[in-house]
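**Q** heads up, no residue letters with this:
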């Protein structure tokens with residue numbers, strides 16, 4: 001269905017989804033409340049059933065929706081969405097995230113007013129405005145290969161479509177999902193962009209919304225801590241971060257784990273230990289990847305895809 005106001009599509013939102021229904025409804029509702037209608041929502045369905053069909057139907061009269069299907073692989077799903085996108089700007093809200101009413105209007109204005117920016121990374125917070133995925137920086141500014149690490153999450157990431165495609169899209173061996181055991185597809189893309197001297201801007205306004213993940217000690221979340229850590233270790237190796245960076249990134253959670261163990265905080269100690277172990281194993285090669293610690297077999301190029 002076309003945009004209700006028949007306005008041009010300035011931004012395409014791509015959401016890969018699997019398993020979630022109530023959360024996807026929350027995201028859809030937040031999109032119907034946007035102060036701009038100049039966007040499309042591309043939902044790439046990785047479910048084996050039709051569980052989200054009725055959910056999407058409830059929003060079709062209010063926003064433009066494109067429903068695609070693919071086999072389970074988050075990065076592949078997002079890449080597919082970008083290939084079919086109509087707009088020159090693409091974003092990747094998670095199926096369990098949501099957006100404030102002015103978010104898309106602000107993102108569009110930022111890109112229009114800053115043609116030198118290849119991408120924008122938004123701060124990600126929960127419903128109360130507290131950090132939800134990482135320890136986000138308080139101040140906005142350009143990303144580099146060092147400060148990008150705590151600033152990037154795909155649910156708050158926006159790119160110019162042509163640049164995304166020229167970079168080769170997301171690495172389909174990364175991207176936490178049903179068949180991929182490690183995260184990092186979002187940070188990997190940004191680090192590749194930075195290596196190409198492209199400008200990625202971190203902004204604290206607008207924000208992206210996402211439920212709090214770390215600090216909630218469930219089995220699922222502790223597994224995610226380890227999977228994210230393995231992905232981080234792999235990216236340290238693939239992007240040839242300096243040895244002092246790797247050492248400090250592994251040593252800091254190890255120190256915190258020992259401290260929390262002494263203080264009797266066994267759950268926090270376990271979380272930090274999983275971070276330590278995951279980063280070290282990922283750096284050694286547990287997460288696979290393009291590059292071993294001994295050298296590179298292939299450099300990513302602008303025309304990979």
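**A** Structure's in. What do you need? All figures in this text were calculated on a predicted structure; none of them were measured in a lab.
**Q** When you work out contacts or count neighbours from here on, use the C-alpha atoms and nothing else.
**A** Noted.
**Q** and residue 147, helix, strand or coil?
**A** The three-state label for residue 147, taken from DSSP: H, G, I helix; E, B strand; the rest coil, comes out as coil.
**Q** any idea how far it is from residue 247?
**A** To residue 247, residue 147 is 16 Å away according to C-alpha to C-alpha, to the nearest Å.
**Q** Then residue 254?
**A** To residue 247, residue 254 is 11 Å away according to C-alpha to C-alpha.
**Q** Tell me which of those two has more neighbours.
**A** The residue with more neighbours, out of residue 254 and residue 247, is residue 254; 20 against 12, by other C-alpha atoms under 10 Å.
**Q** and the more buried one, what does it touch?
**A** The neighbours of residue 254, taking C-alpha atoms under 8 Å, 6 or more residues apart in numbering as the test, are 272-273, 276.
**Q** ok, now with 10 Å
**A** Residues near residue 254 by C-alpha atoms under 10 Å, 6 or more residues apart in numbering: 248, 260, 269-270, 272-277.
**Q** Kindly confirm my reading that it forms part of a strand.
**A** No - using three-state DSSP, the secondary structure at residue 254 is helix, not a strand.
**Q** Could you pull up the contacting residues of residue 33?
**A** Per C-alpha under 10 Å, 6+ apart, neighbours of residue 33: 62-63, 99-102.
**Q** ugh, typo on my part, it should be residue 206
**A** Counting by C-alpha under 10 Å, 6+ apart, residue 206 has contacts 99-107, 110, 121-124, 156.
**Q** repeat for residue 87
**A** Counted by C-alpha under 10 Å, 6+ apart, residue 87 has contacts 8-13, 38-40, 160-162.
**Q** which among the contacts of residue 206 gets closest to residue 239?
**A** The closest of those to residue 239 turns out to be residue 121 (C-alpha to C-alpha; 19.3 Å).
**Q** how many neighbours does the closest one have?
**A** Neighbourhood size, residue 121 [other C-alpha under 10 Å]: 29.
**Q** So it lies in a strand, does it not?
**A** Yes - under three-state DSSP, residue 121 falls within a strand.
**Q** pretty sure it is touching residue 189, no?
**A** No - using C-alpha atoms under 10 Å, residue 121 is not in contact with residue 189, being 11.7 Å away.
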